[in-house]
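Trainee: Attaching a predicted model along with its sequence, questions to come.
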Amino acid sequence: MELPYVVVIILFCLGIYTIIMNKNLIKIVVGVNIVESSLILLLILISFKLGGTAPILDRKYELVVDPIPQALALTAIVIGGSFIAVMLALVIKIYKRYGTLNVDEIRKLRG
Amino acid sequence: MSRVHKIFRKFYKIGLVLFLAIFLLFIFDEIQNLDIKRYLSEHYISEGVQETGAINLVTSVLYDYRGFDTLGEATVILTAAATLSFMAPIKKVKMLGTEFTIIIYQTIIIIIPFLVVLGMNLIFFGHISPGGGFVGGVILAMIPILVTITYGITFSENKLKANHKSLLEGIGAIGFILLGLLGIFAGSNFLASGQANFGLGNPGELISAGLIPYLNLMIGIKVGAGLATIFNSLIKEG
Amino acid sequence: MESAVWIILLPLLTAFFLGIFKLYSDKLFYSLVIVSMVIYLYLLILVINDSYPPKVYSIGDWGLLGINLMVDSFSAMFLLIIAILFITVIIFSLNYIKVNKHKFIILTYVMIAGIAGMVLTADLFNLYVFLEVSSMSSYALTAIKKTDKSIESSFKYLIMSTFGSFFILLATILTYYLTGTLNMAEISLEFKSVPFMIKSTIMFFFIFGYGIKIGLVPLHAWMPDSYEASPIPYNVLSSGLVMKSAIYALIRLLYVIFGVEFLTESGILNIGVFWGVLTFIIAHTLAYQQSNLNRLLGYSSIAQIGYITIGLFLGNEKGLIGGSFHILNHGIMKGTLFLVLGIFYYSLKADEIEDIQGLGYKFPVLSFTFVVAALAIVGLPPFNGFVSKWLIIEAAIEAGFFYAAFFILVGTFLSLTYYLKVIIKLYTKTEKKTLIEKPDLSLKLPTFFLGSLCILFGIVPSLPLSLINNIPKFLLNNSEYIRILLGG
């Protein structure tokens, strides 16, 4: 059981714990970011080979790292970043209407 | 009763997350014991340079073998920028900023041309060295963001209007699709750059790899304009 | 099959061009909308006609090295739903939406492109990317009214749906780790040598992730709020296409990648049927207590999705046909109900059940359409809802799930109670109310069109069934699908 995989699992579960337990809206958004990062870390871990070089073949290399998960990770980073941007815009709008960032207070105010 | 209820719900949620963690540990342990087959990536590594003409294999996967994913992701950025631009209020809100010293203002003016060169270098040489359209676009987006942070949003909106930025975004996206349609007109399928023999050239030169440098340019323009729009909209809301 | 890629490209190109034209001139904007709609309808009919036997289209001409698109009968049925609902909604919203009209139409085009991409692709990561495209435009459309409720419900929808996407992405990454490829046919071949425990875990992650997007109880909490606070034309598309495309993705993954033998072995079919029954019992009970019409229709949608889940998880041929037919019918019936509600809201700002009292006499033909659609959803003959429900009940009895068939009949009675409540309110006499706006023809025509389809598909069910009957051939027996995908 290699250490990087344990780190991925810890980050994933910490992020999920933050999303479902926390009461502050900004902290929920941070939790989403943590889970996103852990999944991208998992993608990079998959493509690693011990002793391989980066997949840029200006010479003939012996062992080259897998290029497919790196391309998938690029796509996932961009998509995750757009989601965080939209979430933050919504949080700012909620704050301006209600004046508080606590989920319980907002539920009470809305009735 | 309600207090016990709340504590019970808290422990129940913690229990779920712990269960998930242990479950994932088991799964990863079992997966380590299997031998993995990677014939697709081995094919890309051994044949990729001949088939697409790009020495950067990640660029060749991202723009040639799996170019459709890049189109979908460009659409996500465009939708996010469009969403944020209609959620921001039209009139400009006063931005809480500080007055910087004159050193900062002059340094920003000197840095901007270097940023342009760096961004363009990353975009154009994307298929030869690490980089590509996305990283170059992010560097190009730094220029309006820096101007907004130091000079204030009214000045920045004067120099680069929001309408022009969304026009640039639209041009980038439409350019990507039109380049893909060139493949159809050449008799092959959509986004066919390697298979349609678009002048693959010598690997390692600037003009090589068929359509890939132009696709890089379109994506760079699009990501740059999109990120600048997103930043300005978020600033205007607060 | 060259037109297949244009089904995804045309809405995207239109949306990008509309984004530029919006800054310049209005006339150009609307003429582009109408021209592209007509061309898109023509393309859809072309592809649907040519969908049996299935065709494969390789993007970039890379064959098995790249991304492939595949049109088979299940995808063709969804393209039919897109054709019916999309044209109707665009015509309706040209006059209905007052605020932010340009953004609404652009975002609807992007959403349709995302759903078309999800339905046509044969690649696992491409499915995830297009799922995110359609979800992102969905979040934007929910928040387009910018009232307090819409911002809040959009945020709740965003968080819960992203939570589901994480599990889908995790399952996709694990699948790539195990098999080394992303093509659905090759994954299905490699999966035969993967141990049972790991396959069940990946399947569980997929079901959990897609379950949040489908709206199975108890993961449905975002749905009624989002229906209450979004504009009505979006509600038609959301209940008819967005949630159903998640069902499509789940069924495609379960039946093609995992295979029917694995599903029966692991017992997920029993769990699926049980979950479907639980969903609609709870949803019917909650629907009875609602006073807001939008939320009532929302809970009714969740219940119908419970029926569809039962039909599709039965694992036999009739169940798949019944479930798919119910997907088509539900889109039409719920679309009619929402459009009538939209006209009521447009002319009187009527939102609660009390507000629509007596409207049966002011709008006689519209209220008749409402009654037709409501009876069709409950499942009475001779409407289309009856045909699909009957197929599901027959299939349940054939597969041995007697308790499911019994509960479906109970559920029919439950839904009758709350729909009757609304219909009776509609036809009680009351004092006169003043209209705010008179609805004109472009609002009424789409409603009548959808309502007449309810009657038409009920009397002549062989029209859509000729398309749907071919669906189980490629889902139950995934070797056919794999052979065509690998050979093409």
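Mentor: Nice, thanks for sending it over. Residues are numbered from 1 along each chain as shown, chains lettered A, B, ... in the order given.

Trainee: okay, CA-based contacts and neighbour counts for the rest of this
Mentor: Will do.

Trainee: Return the residues in contact with the spatially most central residue of chain A.
Mentor: Geometric centre of chain A, nearest residue: A:E36, 1.5 Å, by CA atoms, centre = their mean. By CA atoms under 8 Å, 6 or more residues apart in numbering or on different chains, the contact set of A:E36 is A:77, A:80, C:166.

Trainee: any idea whether the residue of chain B found nearest chain C is helix, strand or coil?
Mentor: Residue nearest to chain C within chain B (CA to the nearest CA): B:A192, separated by 3.7 Å. Assigned with DSSP: H, G, I helix; E, B strand; the rest coil, B:A192 falls in the coil class.

Trainee: Next, give phi and psi for it.
Mentor: Dihedral angles of B:A192 (phi, psi; degrees, to the nearest 10) stand at phi -90, psi 100.

Trainee: Could you measure from it over to B:G172?
Mentor: 19 Å (CA to CA, to the nearest Å).

Trainee: What's the local residue count around B:K6?
Mentor: The local packing of B:K6 (other CA atoms under 10 Å in any protein chain shown) involves 11 other residues.

Trainee: For the chain, name the helix or strand with the lowest mean pLDDT.
Mentor: Chain wasn't specified; assuming chain A. helix A:103-110 (a mean of 71; mean pLDDT, DSSP states H and E).

Trainee: Hmm, no, I was thinking of chain C.
Mentor: In chain C, the helix or strand scored least confidently by mean pLDDT, DSSP H and E is helix C:359-362, which has a mean of 74.

Trainee: buried set for that one?
Mentor: Across helix C:359-362, burial judged by 16 or more other CA atoms under 10 Å in any protein chain shown covers C:359-360.

Trainee: Kindly report the same for stretch B:30-41.
Mentor: Across stretch B:30-41, burial judged by 16+ other CA under 10 Å covers B:31, B:40-41.

Trainee: filter these down to the ones near chain C?
Mentor: With CA under 8 Å from any CA of the partner chain as the criterion, those include B:31, B:40-41 near chain C.

Trainee: Any regions of chain A where pLDDT drops low?
Mentor: For chain A, the stretches flagged by pLDDT under 70 are A:1, A:108-111.

Trainee: Scan it for its longest helix.
Mentor: Using DSSP state H, we find that the single longest helix of chain A is helix A:68-98.

Trainee: Please flag which of the buried residues of stretch B:30-41 sit within helices.
Mentor: Those of the buried residues of stretch B:30-41 lying in helices (DSSP H): B:31, B:40-41.

Trainee: Reformat these as TSV; add pLDDT.
Mentor: Converted to TSV, these look like this (pLDDT from 0 to 100):
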residue	pLDDT
B:I31	79
B:L40	84
B:S41	82
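
Trainee: follow-up on the earlier one: looking at B:A192 and B:G172, which is more packed in?
Mentor: Taking neighbours as other CA under 10 Å, B:A192 and B:G172 compare with B:A192 leading, 28 against 24.

Trainee: how about the nearest residue to the more buried one, chain neighbours excluded?
Mentor: Leaving aside its sequence neighbours, B:A192 sits nearest to C:G60 (CA to CA, 6 or more residues apart in numbering or on different chains; 3.7 Å).

Trainee: tally of neighbours for the one you found?
Mentor: Using other CA under 10 Å, C:G60 has 27 other residues around it.

Trainee: The longest helix of chain A and chain B in contact?
Mentor: Yes. Helix A:68-98 reaches chain B (CA under 8 Å from any CA) through A:68, A:70-71, A:75, A:78-79, A:82-83, A:85-86, A:89, A:92-93.

Trainee: Buried residues of that helix, list them for me.
Mentor: With burial defined by 16+ other CA under 10 Å, the residues of helix A:68-98 counted as buried are A:68-76, A:78-94.

Trainee: Residue ranges in chain B under the pLDDT threshold?
Mentor: By pLDDT under 70, the weakly predicted segments of chain B are B:1, B:89-98, B:187-188, B:194-205, B:208-209, B:238.

Trainee: That one: helices as residue ranges?
Mentor: Along chain B, the segments classed as helices by DSSP H run B:2-32, B:39-52, B:57-60, B:67-87, B:102-124, B:133-151, B:153-159, B:162-185, B:212-237.

Trainee: Does anything pack onto the fifth one? Which helices or strands?
Mentor: If I follow you right, that is helix B:102-124. Packing partners of helix B:102-124 (3 or more CA pairs under 8 Å, 6 or more residues apart in numbering or on different chains; DSSP states H and E): helix B:133-151, helix B:212-237.
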